[in-house]
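Q: starting from these lines, generate the structure:
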Amino acid sequence: MFCMKPQFFGVKSTAANIGSSVGNYTVEEFQEDYPQFFNSEGEFLGSPAMLAQIIRMANVSIQPDKWLDGWRYAVGLYVAHYVTISLRGYAASNETPAAAAASGALVGMVKAAKLGDASVTYDTAAITAGTEDWGDLNSTTYGQILANRAKLIGMSGTYVI
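A: You can find the predicted model right below:
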């Protein structure tokens, strides 16, 4: 018969390397780490509300107790990645539904270009390769760096009783 003794409560989650800490990364820290996303007056180049939401997601997703000294770097990469994706489709406003829909189009590397009648073909395979494993992290340099760092962080041992 299985009997759980009080001295072992919480041992499974600790042994499993499952964390629950929440970070406290701020807009100010992001601006210091990634000034390219702000204009010369210090204003964010996209939607401030979206930036705040991305930072909230990052603080929950990138756990300080797993990343330790590399936490600020990792959370900054997370925010920069999702801000980049957000800015790709950002427009202060659009005049038509078609223009709004076009702002969310998936764009890859140029595969072929034609000068007469200006035709351009994109290869999105480079972006979507590996999506099964790392989702959209392959679509920006920041995401690729984060994914590679996460692989190293995730290499630590896990033992579940």
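
Q: and Leu51, how many neighbours?
A: 22 (other Cβ atoms under 10 Å). C-beta: built from backbone N, CA, C; applies to glycine.

Q: what does Asp136 give?
A: Using other Cβ under 10 Å, Asp136 has 13 neighbouring residues.

Q: which residue ranges of the chain form strands?
A: With DSSP state E, the ranges of strands along the chain come out as 109-114, 119-123.

Q: for those strands, which has the smallest mean pLDDT value?
A: Mean pLDDT values for the strands of the chain show the minimum at strand 109-114, a mean of 63.

Q: for this protein, which helix is longest?
A: helix 71-88 (DSSP state H).

Q: what helices or strands is that one leaning on?
A: Judged by 3 or more Cβ pairs under 8 Å, 6 or more residues apart in numbering; DSSP states H and E, helix 71-88 is in contact with helix 27-33, helix 48-61, helix 64-67, helix 141-153.

Q: at 6 Å instead, please
A: Under the contact definition 3 or more Cβ pairs under 6 Å, 6 or more residues apart in numbering; DSSP states H and E, helix 71-88 sits against helix 48-61, helix 141-153.

Q: lowest mean pLDDT across those helices, which one is that?
A: Lowest mean pLDDT within the helices and strands packed on helix 71-88: helix 141-153, at a mean of 86.

Q: would you mark the buried spots in that helix?
A: 142-147, 150 (16 or more other Cβ atoms under 10 Å).

Q: tell me what angle that helix forms with helix 71-88.
A: Following axes from the mean of the first three to the mean of the last three Cα atoms, to 10 degrees, one obtains 150 degrees for the angle between helix 141-153 and helix 71-88.

Q: output the below-cut-off pLDDT ranges for the protein.
A: Where the chain drops to pLDDT under 70, the residues are 1-19, 94, 103-115, 122-132, 154-161.

Q: show me what contacts Gly143?
A: 81, 137 (Cβ atoms under 6 Å, 6 or more residues apart in numbering).

Q: ignore the last one, Val22
A: 59-60.

Q: and Leu87, by the same measure?
A: The neighbours of Leu87, taking Cβ under 6 Å, 6+ apart as the test, are Gly46.

Q: pull up the gap between it and Tyr142, please.
A: The spacing between Leu87 and Tyr142, counted by Cβ to Cβ, to the nearest Å, is 12 Å.
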